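Asks: Predicted coordinates and the sequence they were generated for:
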Amino acid sequence: AAPVDAAGIVGAARTEDVYQETVITASRGAQSPLDSPNSTTIVTRQDIRLSGMTRIPELLRRVAGMDVMQITGGDENVSMRGFNSRLANKLLVLVNGRTVKNDVLGSTFWEALSIDVDQIERIEVVRGPGSALYGADAFAGIVNIITIEPGAGKSGFRAGYGDHQQGYGSVWASAREGDFAYRLSAGYTRYPRWTREVADDRIDLETSGQSQDLGAQNVRIDLRASQRLGPRRALDVGAGYARSELDVYGIGPFNDYNLEVTNADVAVAYRSENVNARAYYANLDGYSLLNAAYLGHTLYAGRPQQHVANAELEFVKTLRAPASVVHDLHIGLGYRLKATAWSYLDDDMPIEHHGSVFLQDSMRLGERVTLVASGRLDYVPYLERLIPSPRGSVIVKPTDRQAIRLSGSTAFRSPTALEAYVDLPIQLALPGLEMLSTTRPPVRSGVIIDPEQIITAEASYLNQQSDYFEFEVTAYYNRVSDLIVLSEPQRTTLSQRAQGVGGLNPETGRYTSGLGGFENQCDVYHVVGGELGGRVYPVEGLDIFANYALNLSEQQRPDGCNALEDGRTSQHKVNAGVQVRTPVGVDGEVTFHYQSSQEWAEQVPMGTVIATNIYPLPAYTLLNARLGYRFLDNRAEISATVFNALDGIGDQPLQMHPFGNRIGRRFMGFFRYSL
C-alpha cells in the first residue's frame, strides 16, 4: 500500500510503465503476466497519455483481438474475439473491480462513467472468458479500469477543445496526510454526432428535443479515499456521480435513441493480507426516447432505472501442502441484489437475489511449473438454478521471463432484464399496426431463455526475455452456443386470437398483428483464431508496438435451424503504433488500425412486418496521432490530436456499423498543468 518510487525502479524515462509487469484481474491478486492463467494485455499510463485519447474504448482498440465499434458520437460498443453488437453485452467492464454495466440492457455506457482518462492508472484486459472468477457476463473477456490510487501523483487539470464543438475538461486534487489519502476529480466532456440524422427543415418528423449536433455530454465528480490501518491493512471508501446525455443505438428496429441518465455509486472496501471485503451500491436513473419519428408515430419514451447492491468476501492464503508445493488459495462468497425497471418490462418483474461462491488454487510445482484450478458457482434467480464455471491452466516457464500457457474454461452470460422481461409494442410502418415484442407471450408464458454458453481452449507463449523487446503468440478455440437473439417475428394466428392474443391494444390504439421477442439461437459457432503481438524498445524514448488478430468462424446448423450467416466479426485486424519521448519535452504517438470487411444481419421494419436483411460493411483503416510539448519542469504541457486522419482519402466514408454514423476527421487541442 506504500507509494511506489517509480523513478527509482525503472528510471525517469519509463516511469509510467511501472505497472507493466503486474496484473491483478486474471487471478484477483498481483502477479506477473508471465504467471497469469489467461492471456492479458495492459494499457499503461504511458499509452493513455501519449495517445491523447479521451474515449476509453479508443484506448482499447490497440489490444489484440479487441472489437471496437463507434456508431454515434456517444455510443461505442466493445467486444473481444467477435460477437460485437449494438448494446454490446459480451464483455465484463469493471472500474477498480466494480462492474459498471447497466443491468436493464446489459451494455456499458462508456460516456456515462464518473471517471475520465486522466484518473486512470492502467487498464487490464483479460483476453478470454473469466466466469470462473467473475461469474456471469465475463463471457468474452474482462476490462478492468484501475484508477490512480488516492494520494499518488500531483493535483492538476487538463482542458481541451476541438472542431465541431468538442470539449474536454478534468481537474483533480490528490494528497496524503500520514495514513490518510484522497483523490478528488471532476470533469466535463462533450462529443458531437459524427453525422446529423435529422435536418432542421424536416416538418414531417417529431424530434426528442435533444440537440441534433450532440453525441454525448457528461458532467462528473468522483472521490476516493484510503486509510491505512496497519501493516498490509487498509480501508477504502469512495463515491461517484455522473449526469450524461447520450445518442445511442438500440437493437432491432430501434435506431438513434436519446438517453439522459444519471449514475451514482458508493463503495467501501477492506484490504488485508488474508481477508478482502467489498460492498457497493450503484444507482442508474434515466429517461429515454427515440431521437425522431414520423408524425403520428410514438417516440417510445421510457424511464430505465436500476438499483444494485453488491457484497463480496474473499479469503487469501499462501501455504505449502506438501512442502514442495506452494498453494496460493483464493476463496470467496458474493451476493448481489438487483432491482431494475423500465417502461417496457413486465410489471411483475421481481427483485433478484444473486449468490456466488468461487475457489482458486494456484499450485507452484518447483520454479518452472504452475497449475491453476478455478471454479465458481452462480445462482441466477431468473434461471432458478446454479451455473458452474470451471477453469484450468498449466503454466510452464522455461526461463524466468518466458511462459508457455495452456488453459481451458467455460463461461456464460445470463439473460438481461430486457431479454427476459421485455413487453414492448413496436409500431409498424403501416399506420395502425404494431408487433408485440415479448419473450413470454400469453400463449407460452412459461418460456425461459437459457444463458449464452462458451467453451474455450487457449495456448500461448509469452517472451519478455530481452530488455529491448517482448512478444506473445496466442491460439484459441471457442465453441459458442445458445446466443440470445431477436426472434423472427410471427404474425398472430386465429387460434392465438381465440386465446386473447393480438387484436386491438387499448393502451396504444393500434392493432397487434404479430409477436416477437428474444430466443436462443439454434446454431453453434466454432471459432478458431490467433493473436500475434509485440513491443520493441530499440532506444531510450522510442516504443514500437504491433499486433495481428485472426478470427475464423464456422456455423453449425442442426436440422430445422435456419439462422442466417453471421459475418459481423472481421477475420483480420491489425494494430500498430510508434511512441516517442524526448529529453527536450517533445513526445507523441501515431497509431494505425485496420479491420477487414463484415456482414451484419439486422432487423428493420418493412410495411406490415419486421424483416431481417443482410448489410455488407467494407474494410476500413483508421489513423490517429498526437504531438505534445512539456515545459516548466514538466508541470505544463500543450498537445494536439487528430482522429481518423485519413478521412476523405478512400472512396467511401468510414462506418463501423451499417446503420452507424459516417465517422469523420476530428482535431483537438489540450493544455495540462500539474501543481
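Replies: Looks like it came in fine.
Asks: how close does residue 196 get to residue 661?
Replies: Residue 196 sits 9 Å away from residue 661, going by CB to CB, to the nearest Å. From N, CA and C alone the C-beta is placed, and that goes for glycine too.
Asks: Point out where the stretch 551-675 of the chain drops to low pLDDT.
Replies: In the predicted model of the stretch 551-675 of the chain, residues 607 satisfy pLDDT under 70.
Asks: which residues does residue 218 contact?
Replies: Shown in contact with residue 218 (CB atoms under 8 Å, 6 or more residues apart in numbering): 111-113, 187-190, 242-245.
Asks: Now with 6 Å, please.
Replies: 111, 189, 242, 244 (CB atoms under 6 Å, 6 or more residues apart in numbering).
Asks: that's a strand at it, yeah?
Replies: Yes. Counting by DSSP: H, G, I helix; E, B strand; the rest coil, residue 218 is found in a strand.
Asks: if we look at the sheet, which residues does it bridge to?
Replies: Counting by DSSP bridges, residue 218 is bridged to residue 189, residue 244.
Asks: With residue 228 instead?
Replies: residue 234.
Asks: Hmm, it is touching residue 234, no?
Replies: Yes. With contacts defined as CB atoms under 6 Å, residue 228 counts as touching residue 234 at a distance of 5.2 Å.
Asks: Let me know the distance separating residue 608 from residue 512.
Replies: Relative to residue 512, and taking CB to CB, residue 608 is found at 12 Å.
Asks: Between those two, tell me which one has more neighbours.
Replies: residue 512 (19 against 13; other CB atoms under 10 Å).
Asks: Tell me if I'm right that that one and residue 505 touch.
Replies: Yes. If you go by CB under 6 Å, residue 512 and residue 505 touch, sitting 5.3 Å apart.
Asks: Can you report how many residues lie near the closest residue to residue 22 other than its chain neighbours?
Replies: Computed as CB to CB, 6 or more residues apart in numbering, the closest residue to residue 22 that is not its neighbour in sequence is residue 30, at 5.3 Å. Residues within reach of residue 30, counting by other CB under 10 Å, total 10.
Asks: Show the subsequent helix or strand relative to the longest helix anywhere in the chain.
Replies: The longest helix of the chain (DSSP state H) is helix 45-51. Per DSSP states H and E, the first helix or strand lying C-terminal to helix 45-51 is helix 56-60.
Asks: residues in contact with that following helix?
Replies: 43, 53, 66, 68, 76, 78, 110.
Asks: from those residues, which ones fall inside helices?
Replies: Per DSSP H, these never map to helices.
Asks: Same list (those) but as TSV, adding neighbour count.
Replies: As requested, these are exported to TSV (neighbours: other CB atoms under 10 Å):
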residue	neighbour count
43	22
53	24
66	26
68	23
76	24
78	26
110	21
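Asks: closest to residue 205 among those residues?
Replies: residue 76 (26.2 Å; CB to CB).
Asks: Can you report how many residues neighbour the closest residue in space to that closest one that isn't next to it in sequence?
Replies: Computed as CB to CB, 6+ apart, the closest residue to residue 76 that is not its neighbour in sequence is residue 57, at 4.0 Å. Using other CB under 10 Å, residue 57 is surrounded by 21 other residues.
Asks: pLDDT weak spots in the stretch 1-150 of the chain?
Replies: For the stretch 1-150 of the chain, applying pLDDT under 70 flags the ranges 1-21.
Asks: could I have stretch 45-64 exported to CSV, CA atoms only?
Replies: C-alpha atoms of stretch 45-64 as CSV (Å, rounded to 0.1, in the frame of the first residue of the first chain):
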residue,chain,number,x,y,z
ARG,A,45,-0.5,5.2,-18.2
GLN,A,46,2.1,6.0,-20.8
ASP,A,47,-0.1,4.6,-23.5
ILE,A,48,-3.0,6.7,-22.3
ARG,A,49,-1.1,9.9,-22.1
LEU,A,50,0.8,9.6,-25.4
SER,A,51,-2.3,8.6,-27.3
GLY,A,52,-4.2,11.8,-26.4
MET,A,53,-7.5,9.8,-26.5
THR,A,54,-10.3,10.8,-24.2
ARG,A,55,-12.6,7.9,-25.1
ILE,A,56,-11.8,4.8,-23.2
PRO,A,57,-12.9,2.4,-26.0
GLU,A,58,-10.5,4.0,-28.4
LEU,A,59,-7.7,3.2,-25.9
LEU,A,60,-8.8,-0.4,-26.1
ARG,A,61,-8.6,-0.6,-29.9
ARG,A,62,-4.8,-1.2,-29.6
VAL,A,63,-5.4,-4.5,-27.8
ALA,A,64,-5.0,-7.6,-30.0
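Asks: Residue 144 falls within a strand, correct?
Replies: Yes. Under three-state DSSP, residue 144 falls within a strand.
Asks: give me every residue that touches it.
Replies: Counting by CB under 6 Å, 6+ apart, residue 144 touches 25, 94, 124.
Asks: Count the residues that sit near the first one.
Replies: Which is residue 25. Neighbour tally, residue 25, other CB under 10 Å: 25.
Asks: now residue 178
Replies: Neighbours of residue 178 (other CB under 10 Å): 7.
Asks: tell me the SS of residue 415?
Replies: coil.
Asks: And it, how far from residue 409?
Replies: As judged by CB to CB, residue 415 and residue 409 stand 21 Å apart.
Asks: likewise residue 25?
Replies: The gap separating residue 25 from residue 409 is 15 Å, by CB to CB.
Asks: just residue 388 next, same as before
Replies: Taking CB to CB, one finds residue 388 at 11 Å from residue 409.
Asks: most centrally placed residue in this structure?
Replies: Geometric centre of the chain, nearest residue: residue 93, 4.5 Å, by CA atoms, centre = their mean.
Asks: Confirm for me that that residue is in contact with residue 102.
Replies: No. Taking contacts as CB under 6 Å, residue 93 lies outside contact range of residue 102: 10.5 Å.
Asks: Could you tell me which residues touch both of those two?
Replies: Joint contacts of residue 93 and residue 102 (CB under 6 Å, 6+ apart) do not exist.
Asks: The residue nearest to the centre of the chain: what secondary structure?
Replies: strand.
Asks: Tell me the bridge partners for it.
Replies: With DSSP bridges as the rule, residue 93 is bridged to residue 143.
Asks: quick one on the thing from earlier: you'd agree the residue nearest to residue 22 is up against residue 124?
Replies: No. Contact criterion CB under 6 Å: residue 30 and residue 124 do not qualify, at 11.0 Å.
Asks: Give me the distance between stretch 266-275 and the centre of its chain.
Replies: 25 Å (CA atoms, centre = their mean, to the nearest Å).
Asks: Which residue ranges of the protein form helices?
Replies: Using DSSP H, helices in the chain cover 6-10, 45-51, 56-60, 131-134, 417-421, 494-498.
Asks: so which of the ones you listed comes closest to residue 558?
Replies: helix 417-421 (22.3 Å).
Asks: any idea how far the closest one is from the chain center?
Replies: 20 Å.
Asks: same question, stretch 652-660
Replies: 21 Å.
Asks: quick one: contacts of it?
Replies: The contact list for stretch 652-660, computed with CB under 6 Å, 6+ apart, reads 69-71, 255, 600, 615, 617, 620, 662-663.
Asks: Just the endpoints, please. Distance across that stretch?
Replies: With CA to CA, to the nearest Å as the measure, stretch 652-660 spans 14 Å from end to end.
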